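Novice: Provided below for reference: sequence and predicted model.
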Amino acid sequence: MIDKMFKNSNLKITKQRKEIIDIILELKNSATISNIIKKASMNKSTVYRIIDILVKNNILVKQINYDNNDYYVINEYHKHYIKCIKCNKIKELDNCPFDSINISGFEVINHSLKIEGICEECKES
Ligand SMILES: [Zn+2]
Ligand SMILES: [Zn+2]
């Protein structure tokens, strides 16, 4: 899986790049930059540099959390969520709205969405 992602992006898999991917897979939604740095065996600036490369090559995307902490996910696995402003319930979206959006003149390499709404139960009450 990881091999395929790197191949698609024409990026060489290095030990350090693979380590960052593994850490992000392990941390899931808490893969913020500070948590990644805590786990990584390399120094802070190397972590920043590698993440920058992985984002530019479409392997990682930055997502905005509801507590405003940016975290990183594997592009292929990224998800979006909608949050109910009344009861704070969070629902996962089935697909990425950006899959069907074309912005002419640009290649989209990163996006984030913060969607809020009112859930069915709260609408009724
Ligand atoms: Zn609700
Ligand atoms: Zn998306």
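Specialist: That came in fine, so what should we check first? Ligands and ions are numbered 1, 2, ... in the order given.

Novice: For the closest residue to Asn29 other than its chain neighbours, list each beta-bridge partner.
Specialist: Leaving aside its sequence neighbours, Asn29 sits nearest to Tyr71 (CB to CB, 6 or more residues apart in numbering; 6.2 Å). Every C-beta, even on glycine, is put in place using the N, C-alpha and C of the backbone. Beta-bridge pairing for Tyr71 (DSSP bridges): Thr32, Gln63.

Novice: separation between Tyr71 and Cys96?
Specialist: Taking CB to CB, to the nearest Å as the measure, Tyr71 and Cys96 are separated by 16 Å.

Novice: The two: which is more packed in?
Specialist: Counted by other CB atoms under 10 Å, Tyr71 and Cys96 do not tie: Tyr71 has more neighbours, with 20 against 15.

Novice: Got phi/psi on Ile51?
Specialist: The phi/psi pair for Ile51 (degrees, to the nearest 10) reads phi -60, psi -40.

Novice: which outside residues touch the helix-or-strand element of the chain with minimal mean pLDDT?
Specialist: The helix or strand of the chain with the poorest confidence is strand 60-64; it has a mean of 83 (mean pLDDT, DSSP states H and E). The list of residues contacting strand 60-64 from outside it, by CB atoms under 8 Å, 6 or more residues apart in numbering, reads 24, 51, 54-55, 70-75, 78, 110-114.

Novice: List only those of the residues you listed flagged as buried.
Specialist: Among the contacts of strand 60-64, those classed as buried by 16 or more other CB atoms under 10 Å are Ile24, Ile51, Leu54, Val55, Tyr71, Tyr72, Val73, Ile74, Asn75, His78, His111.
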